[in-house]
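Undergrad: I would like to see how this sequence folds:
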Amino acid sequence: MPDRLNPEGLRYAQAVAETNSFSAAARAYGVTQPALSNGIAKLEERLGGKLFDRSPRGVTRTAFGTGILPLIERALAALDAVAAEARRLTGPGEQKIRMGLSPLIGSHLVARAFAKVCDLPDPRDLVLREANMQDLRACLLAGQLDIILIPAVAAMPRFEHRVVDVEPIVVVTPDSTQGTPLELEEAGKDQFILVPDTCGLTTFTAQLFQAHEMPLNTYPGEAAGYQVLEDWTKLGLGSAMVPRSKLTSPDVPHRPLVNEGREVQISFEAVWSADSPLAADLRRLADSLAAARG
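TA: Below is the predicted model:
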């Protein structure tokens, strides 16, 4: 019997088609790029044709891919509809919204989420789970979470998105110029201490410097968390970039980060599936969080 089409391979192909990038698609699914490339190669072998061409200019669809990818999209939509309907039929009395949080999400946003859930047409309980971004994405894809709040630093194809909060970025430093705004160009001269690239902060920092074509000078070690960042800056090992709400105290020496006088901010987004049986409530929740952001 010939091998059946692997739905995961189909999803990988759809993600590449939407992002025009193998690396971005791999990040969106929380897998390594070799694993995604291998999945697509097996799919192409099963289909008998190549879906994408890769070149230094990027990823483009082949003529075969242009013809077959719309069918892949419709097939996946049908599979997702089956799963959504099954969840609806087996859990009609579900009163919970399962929300995943990046550790970078501030307590003020969590408090707002609890308040807004109570304002839904059918008030629900909010069940929280904090995890790194890769785990949150995987749980959302698997239907183990209904909605996630994460930094807006990586694409998640096929999901609904809403920016629900923005927060100023500050630079923690033992510098005596406490409170004085720090221009991004000047910050580029500092050495920055980073945390593991799991919560989104390191990705944001790298993207910020890359977007302005500036080198990011980093301390060779790595801090385990935000408190450690503060402790290590006191030792003179470097500076650290964090959202203002992640300061353990307003008295921690820090400087607002600005770019040509404008406040540098990090955006946070709510992400959920339009096929979720709770999609209407999730959209209302995200919209109300966005409307209430200060």
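Undergrad: in which helix or strand would I find V271?
TA: Taking DSSP states H and E as the criterion, the element that holds V271 is strand 265-272.
Undergrad: give me the contact list for that strand.
TA: The set of residues external to strand 265-272 that reach it, using C-beta atoms under 8 Å, 6 or more residues apart in numbering, is 102, 104-105, 109, 140, 146-152, 156, 159-169, 204, 243, 278-279, 282-283, 285-286, 289-290. Any C-beta I mention is one placed from the backbone N, CA and C, and that applies to glycine too.
Undergrad: filter these to the buried ones?
TA: The neighbour-count criterion (16 or more other C-beta atoms under 10 Å) marks 102, 104-105, 109, 140, 146-152, 156, 159-160, 162, 164-165, 167, 169, 204, 243, 278-279, 282-283, 285-286, 289 among those as buried.
Undergrad: what about those, which are in strands?
TA: Under the assignment DSSP state E, the buried ones among the contacts of strand 265-272 contribute 147-151, 160, 162, 164-165, 167, 169, 243 to strands.
Undergrad: columns pLDDT on top of those residues, output as JSON lines?
TA: Converted to JSON lines, those look like this (pLDDT from 0 to 100):
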{"residue": "I147", "pLDDT": "96"}
{"residue": "I148", "pLDDT": "97"}
{"residue": "L149", "pLDDT": "96"}
{"residue": "I150", "pLDDT": "95"}
{"residue": "P151", "pLDDT": "94"}
{"residue": "E160", "pLDDT": "91"}
{"residue": "R162", "pLDDT": "92"}
{"residue": "V164", "pLDDT": "94"}
{"residue": "D165", "pLDDT": "93"}
{"residue": "E167", "pLDDT": "93"}
{"residue": "I169", "pLDDT": "96"}
{"residue": "P243", "pLDDT": "93"}
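Undergrad: export the residues you listed as TSV, with columns for distance to R74.
TA: Shown next, in TSV, are these (distance: C-beta to C-beta, whole Å):
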residue	distance to R74
I147	26
I148	26
L149	31
I150	29
P151	32
E160	19
R162	26
V164	31
D165	35
E167	40
I169	42
P243	41
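Undergrad: may I ask which two of the residues you listed are separated the most?
TA: E160 and I169 (26.1 Å; C-beta to C-beta).
Undergrad: okay, and for this structure, where does confidence drop off?
TA: 1-3, 84-85, 87-94, 176-178, 294 (pLDDT under 70).
Undergrad: the strands in it, which residues?
TA: Chain-ordered strands for the chain, with DSSP E as the definition, fall at 52-55, 58-61, 96-101, 125-130, 147-151, 160-172, 182-183, 240-243, 254-259, 262-263, 265-272.
Undergrad: mind putting these into a markdown table with distance to V31?
TA: Formatted as a markdown table, the entries for the strands of the chain read as follows, by distance: least, C-beta to C-beta, whole Å:
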| stretch | distance to V31 |
| --- | --- |
| strand 52-55 | 17 |
| strand 58-61 | 17 |
| strand 96-101 | 18 |
| strand 125-130 | 21 |
| strand 147-151 | 17 |
| strand 160-172 | 20 |
| strand 182-183 | 37 |
| strand 240-243 | 28 |
| strand 254-259 | 33 |
| strand 262-263 | 35 |
| strand 265-272 | 17 |
